[in-house]
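> The following block contains a protein sequence and its predicted model.
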Amino acid sequence: MKNTDSLTGKVLIAMPGMSDPRFSRSVVLICAHGDEGAMGLVVNRPIDGLDFSDLLKQLEIDATPLAREVPVHFGGPVEPGRGFVLHRAADADDIDEGDGRMRIGESDLAMTTTRDILEDLARGRGPQAAVLSLGYAGWEAGQLEREMLANGWLTAEASDDILFGTDNDHKWQIALKSLGVDPVMLSSAAGHA
């Protein structure tokens, strides 16, 4: 049975009153959402001082001159030492959840956790659009829904500008504007009538 209320494949946009500083002005792609909880990747927080070539050296993966420059982001506070590559997958319909790849909803987006995708990117192969996230954001059953009811998050459709764009400083505003919301008009306090 398909959960029509699932937020899988959508982006969460932190409201100005977000009390958790790790998520202040963040945009999070929801990779999985169901009765057990939710999992997502923050897409607008590059990690200062760490680039893809540094990470490849740490993992002892040899890069060729064709290596792609893949952004490295803070994906969330859960398992910060674990890497997740968010990318478009031409073969999304054929993704086998057991091979370290997960299809995100019904889209052509996928998340891969295996070393082979890093090796491919280091050799100039693999997906054209990709972001490497260290860690992820997780919510237990019902937690995300409670945060949304408390005016913590807005939801929007994911776009390439938001997911793979290089303007991380403005992704929050871009996501809000995709909803027709002017960030200047948002209050940091929830109103109650």
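Cool, the structure landed.
> For this structure, which segments count as helices?
Using DSSP state H, the helices found in the chain span residues 52-58, 115-122, 143-149, 160-164, 171-178.
> ok, and for stretch 70-89, which residues are buried?
70-76, 83-89 (16 or more other Cβ atoms under 10 Å). The way it works is simple: take the backbone N, C-alpha and C, and place the C-beta from them, glycine included.
> which ones among those residues are found in strands?
72-74, 83-88 (DSSP state E).
> Tabulate those residues (JSON lines), appending distance to Leu118 and pLDDT.
As requested, these are arranged in JSON lines below (distance: Cβ to Cβ, whole Å; pLDDT from 0 to 100):
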{"residue": "Val72", "distance to Leu118": "11", "pLDDT": "93"}
{"residue": "His73", "distance to Leu118": "15", "pLDDT": "95"}
{"residue": "Phe74", "distance to Leu118": "18", "pLDDT": "96"}
{"residue": "Gly83", "distance to Leu118": "7", "pLDDT": "93"}
{"residue": "Phe84", "distance to Leu118": "11", "pLDDT": "94"}
{"residue": "Val85", "distance to Leu118": "7", "pLDDT": "94"}
{"residue": "Leu86", "distance to Leu118": "13", "pLDDT": "95"}
{"residue": "His87", "distance to Leu118": "11", "pLDDT": "92"}
{"residue": "Arg88", "distance to Leu118": "17", "pLDDT": "87"}
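> Among those, give me the pair with the biggest separation.
Phe74 and Arg88 (21.4 Å; Cβ to Cβ).
> average model confidence for stretch 167-185?
For stretch 167-185, mean pLDDT rounds to 89.
> Make residue 1 into 32 and carry on from there
That works, and once the first residue is 32, the last one we named lands at stretch 198-216.
> Would you indicate which residues of that stretch are buried?
Within stretch 198-216, the residues that count as buried by 16+ other Cβ under 10 Å are 202-207, 209.
> what's the answer for stretch 161-181, then?
With the criterion 16+ other Cβ under 10 Å, stretch 161-181 contains buried residues 161-170, 175, 178.
> Send over that stretch as CSV, restricted to the C-alpha atoms.
The C-alpha coordinates for stretch 161-181 follow below in CSV (Å, rounded to 0.1, in the frame of the first residue of the first chain):
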residue,chain,number,x,y,z
ALA,A,161,26.1,14.3,-7.5
VAL,A,162,26.6,15.6,-4.0
LEU,A,163,28.4,13.7,-1.2
SER,A,164,26.8,14.1,2.2
LEU,A,165,28.5,13.1,5.5
GLY,A,166,25.8,12.1,8.0
TYR,A,167,22.0,12.4,7.7
ALA,A,168,19.0,13.8,9.4
GLY,A,169,16.7,11.3,11.0
TRP,A,170,13.3,11.5,12.7
GLU,A,171,11.6,8.8,14.7
ALA,A,172,8.0,7.8,14.0
GLY,A,173,5.7,10.9,14.2
GLN,A,174,8.5,13.3,15.1
LEU,A,175,8.7,15.0,11.7
GLU,A,176,4.9,15.4,11.6
ARG,A,177,5.0,17.0,15.1
GLU,A,178,7.7,19.4,14.0
MET,A,179,5.7,20.4,10.9
LEU,A,180,2.6,21.0,13.0
ALA,A,181,4.7,23.2,15.3
